[in-house]
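In: Dropping the sequence and predicted coords here.
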Amino acid sequence: MAEHGHKGEAHRLAIDQIDVSDPALYQDDTWHEVFARLRRDAPVHYYPDSPHGPYWSLSCYDEIMQVELDHGTFSSASEMGGIRINDQPEGEELPNFIRMDPPRHTAQRKTVAPIVAPGNLKNMESLIRQRTAAALDALPRNETFDWVDLVSTELTAMMLATLFDFPFEDRRKLSFWSDVAIADTNADDAVVSSDEERMRHLYEMAEYFAKLWKQREAAEPTFDLISMLAHSEATANMPPREFIGNIALLIVGGNDTTRNSMSGALLAFAEFPDEFRKLRADHSLVKNMVPEIIRYQTPVIHMRRTALQETEISGHPIAKGDKVVMWYVSGNRDESAIANADQFVIDRPRARRHLSFGAGIHRCVGDRLAELQLEILWQEILRRDLKIEVMGPPVRLYSNFIRGIRSLPVRITA
């Protein structure tokens with residue numbers, strides 16, 4: 001594995017030795033310098049011998065958008081390797097609609113889209129607010145606790161349980177399965193230590209969901225994700241692996257962006273305290289602040305595509321079958337597209353111009369729901385005038401895919 005990054009090392013390595021697929025870069029939060037160098041010297045960068053095989057890295061906004069919007073040339077399909085830098089283990093592929101190209105992608109995505117349509121979000125808003133308020137009121141005062149556990153994970157688990165109409169008392173299973181689905185099995189503290197163990201848990205998840213599915217299938221259609229999937233022609237008869245793949249996708253999609261942005265926001269404010277003063281002085285800034293939090297955190301570190309034909313990106317020839325990795329975490333810090341990109345600026349103009357949700361046909365289907373949950377959380381924090389102090393460093397996830405925060409000690413002064 002190429003050396004990566006403790007401070008200064010990014011400058012010493014020859015440019016062709018930089019391997020940004022090393023999860024330690026993100027666990028140690030030492031990726032900034034390495035990507036700053038790639039953006040400057042090699043925005044389209046080839047690395048021949050990573051643990052995941054050779055790959056192209058795109059670290060700038062424009063090239064990422066080019067690939068993102070050209071699904072005719074760059075495939076997301078499971079059989080081409082899917083959407084992560086590491087291919088799915090042979091025979092263990094779990095196709096789902098983010099790992100499909102049109103037309104199948106379009107039909108399956110259409111099935112779940114209504115649950116996050118504006119009209120339905122309006123209906124869910126008071127429930128989200130009620131739960132958020134209850135969670136904040138129950139937090140300990142004047143003692144250190146883990147924000148990730150009591151706020152970020154709890155609120156997203158409740159939200160997921162609602163979307164699936166999933167037994168509420170078992171909601172933390174959803175958080176666990178989300179962690180299992182994305183876990184890097186090489187991490188010292190991984191929730192699963194092998195792909196076999198991962199599949200065992202995902203089959204348990206599938207069994208649990210299959211029971212719910214049978215009940216919903218037999219009943220009149222209702223407005224929850226399982227019923228919608230069970231009653232739609234595009235998804236009613238999915239083979240078992242595709243069923244697991246789509247359920248896991250909806251759980252991870254509904255969980256990781258929101259959960260890690262809820263935690264990342266506190267870290268951003270700790271780093272830029274003037275921005276919090278700005279917010280307390282003007283609560284109406286919440287709406288603009290939320291996309292800035294999602295940009296600054298960038299919960300999904302990368303997405304990958306595979307070239308279906310010979311092509312080129314900014315003059316670099318890409319061969320058919322080449323793996324092309326879009327590093328959102330870097331594109332969101334690209335000064336040529338976003339002014340002062342390394343600063344957290346809650347009243348940033350055009351704050352929604354970020355890459356965290358992707359773009360084009362695979363843009364995050366639940367982006368508005370994620371924003372709504374964050375908006376409500378911060379409105380309720382401000383309404384209570386909570387003074388939340390970060391008491392120590394976060395424990396970050398060992399992953400090159402999800403920029404996760406596993407725990408964050410905080411204290412609320414009453």
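Out: Happy to help now that I have it.
In: burial count for residue 315?
Out: 6 (other Cβ atoms under 10 Å). For glycine as for every other residue, the C-beta is placed from the backbone atoms N, C-alpha and C.
In: mind listing what the closest residue to it other than its chain neighbours touches?
Out: Closest residue in space to residue 315, ignoring its immediate chain neighbours: residue 44 at 7.9 Å, by Cβ to Cβ, 6 or more residues apart in numbering. Contacts for residue 44 (Cβ atoms under 8 Å, 6 or more residues apart in numbering) come out as 56, 57, 58, 63, 313, 314, 315, 316.
In: can you check residue 263 too?
Out: So residue 263 contacts 147, 148, 151, 152, 394, 405, 408 (Cβ under 8 Å, 6+ apart).
In: any idea which helix or strand carries it?
Out: Element membership of residue 263, judged by DSSP states H and E, is helix 240-271.
In: What about the contacts of residue 263, which are in helices?
Out: residue 147 (DSSP state H).
In: and of the contacts of residue 263, the nearest to residue 166?
Out: Of all the contacts of residue 263, residue 166 sits closest to residue 152, with 18.5 Å by Cβ to Cβ.
In: quick check, distance from stretch 298-305 to the centre of its chain.
Out: In terms of Cα atoms, centre = their mean, to the nearest Å, the centre of stretch 298-305 is found 7 Å from the chain centre.
In: Any idea how far apart the tips of that stretch sit?
Out: 19 Å (Cα to Cα, to the nearest Å).
In: what residues does that stretch touch?
Out: 26, 55, 67-68, 74-76, 81-85, 256-257, 259-261, 264, 323-329, 332, 354-356, 358, 362, 399-404.
In: Can you list the buried residues in the helix or strand containing residue 127?
Out: Applying DSSP H and E as the criterion places residue 127 in helix 118-137. For helix 118-137, burial by neighbour count (16 or more other Cβ atoms under 10 Å) applies to 121, 124, 128, 129, 131, 132, 133, 135, 136.
In: Identify the residues contacting the closest residue to residue 72 other than its chain neighbours.
Out: Nearest non-adjacent residue to residue 72, counting by Cβ to Cβ, 6+ apart: residue 308, 7.5 Å away. Residues in contact with residue 308, defined by Cβ under 8 Å, 6+ apart, are 72, 73, 74, 75, 80, 320.
In: could you redo the last one with a cut-off of 10 Å?
Out: By Cβ atoms under 10 Å, 6 or more residues apart in numbering, the contact set of residue 308 is 70, 71, 72, 73, 74, 75, 77, 80, 101, 320, 321.
In: As JSON lines, the residues you listed with neighbour count, secondary structure and distance to residue 51 would be great.
Out: Below are those laid out as JSON lines (neighbours: other Cβ atoms under 10 Å; DSSP: H, G, I helix; E, B strand; the rest coil; distance: Cβ to Cβ, whole Å):
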{"residue": "70", "neighbour count": "14", "secondary structure": "coil", "distance to residue 51": "27"}
{"residue": "71", "neighbour count": "18", "secondary structure": "coil", "distance to residue 51": "27"}
{"residue": "72", "neighbour count": "10", "secondary structure": "coil", "distance to residue 51": "30"}
{"residue": "73", "neighbour count": "19", "secondary structure": "coil", "distance to residue 51": "26"}
{"residue": "74", "neighbour count": "25", "secondary structure": "strand", "distance to residue 51": "22"}
{"residue": "75", "neighbour count": "22", "secondary structure": "strand", "distance to residue 51": "22"}
{"residue": "77", "neighbour count": "18", "secondary structure": "coil", "distance to residue 51": "22"}
{"residue": "80", "neighbour count": "19", "secondary structure": "helix", "distance to residue 51": "19"}
{"residue": "101", "neighbour count": "19", "secondary structure": "coil", "distance to residue 51": "26"}
{"residue": "320", "neighbour count": "11", "secondary structure": "coil", "distance to residue 51": "23"}
{"residue": "321", "neighbour count": "13", "secondary structure": "coil", "distance to residue 51": "19"}
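In: wait, residue 30 sits on residue 23?
Out: No - using Cβ atoms under 10 Å, residue 30 is not in contact with residue 23; the gap is 11.5 Å.
In: Distance to residue 194 and pLDDT for the contacts of residue 308 - can I get that in TSV?
Out: Formatted as TSV, the contacts of residue 308 follow (distance: Cβ to Cβ, whole Å; pLDDT from 0 to 100):
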residue	distance to residue 194	pLDDT
70	36	97
71	33	96
72	37	96
73	35	98
74	31	98
75	28	96
77	26	93
80	25	91
101	30	92
320	33	98
321	28	97
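In: Show me which of those residues is closest to residue 231.
Out: residue 101 (24.6 Å).
In: I'd like the next helix or strand past the lowest-mean-pLDDT helix or strand in the chain.
Out: The weakest-scoring helix or strand in the chain, judged by mean pLDDT, DSSP states H and E, is helix 9-12 (a mean of 66). Using DSSP H and E, the helix or strand that directly follows helix 9-12 along the chain is helix 24-27.
In: CA atoms of the next helix or strand after that next one as PDB?
Out: Scanning forward in sequence from helix 24-27 by DSSP H and E, the next helix or strand is helix 31-41. Presented in PDB, the C-alpha positions along helix 31-41 are these (Å, rounded to 0.1, in the frame of the first residue of the first chain):
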ATOM      1  CA  TRP A  31      -6.800  13.500   3.300                       C
ATOM      2  CA  HIS A  32      -6.900  17.300   2.800                       C
ATOM      3  CA  GLU A  33      -3.200  17.900   1.700                       C
ATOM      4  CA  VAL A  34      -3.100  14.900  -0.500                       C
ATOM      5  CA  PHE A  35      -6.100  15.900  -2.500                       C
ATOM      6  CA  ALA A  36      -5.000  19.600  -2.600                       C
ATOM      7  CA  ARG A  37      -1.900  18.300  -4.300                       C
ATOM      8  CA  LEU A  38      -3.800  16.100  -6.700                       C
ATOM      9  CA  ARG A  39      -6.200  19.000  -7.600                       C
ATOM     10  CA  ARG A  40      -3.200  21.200  -8.300                       C
ATOM     11  CA  ASP A  41      -0.900  18.700 -10.100                       C
END
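In: May I have the strands that pair with the next helix or strand after helix 31-41, each with its orientation?
Out: Using DSSP H and E, the helix or strand that directly follows helix 31-41 along the chain is strand 44-50. Using DSSP bridges, the strands paired with strand 44-50 are strand 53-58 (antiparallel).
In: Just want the angle from the partner strand to helix 31-41.
Out: Calculated by axes from the mean of the first three to the mean of the last three Cα atoms, to 10 degrees, strand 53-58 forms an angle of 70 degrees with helix 31-41.
In: That's all I had, so thanks and see you.
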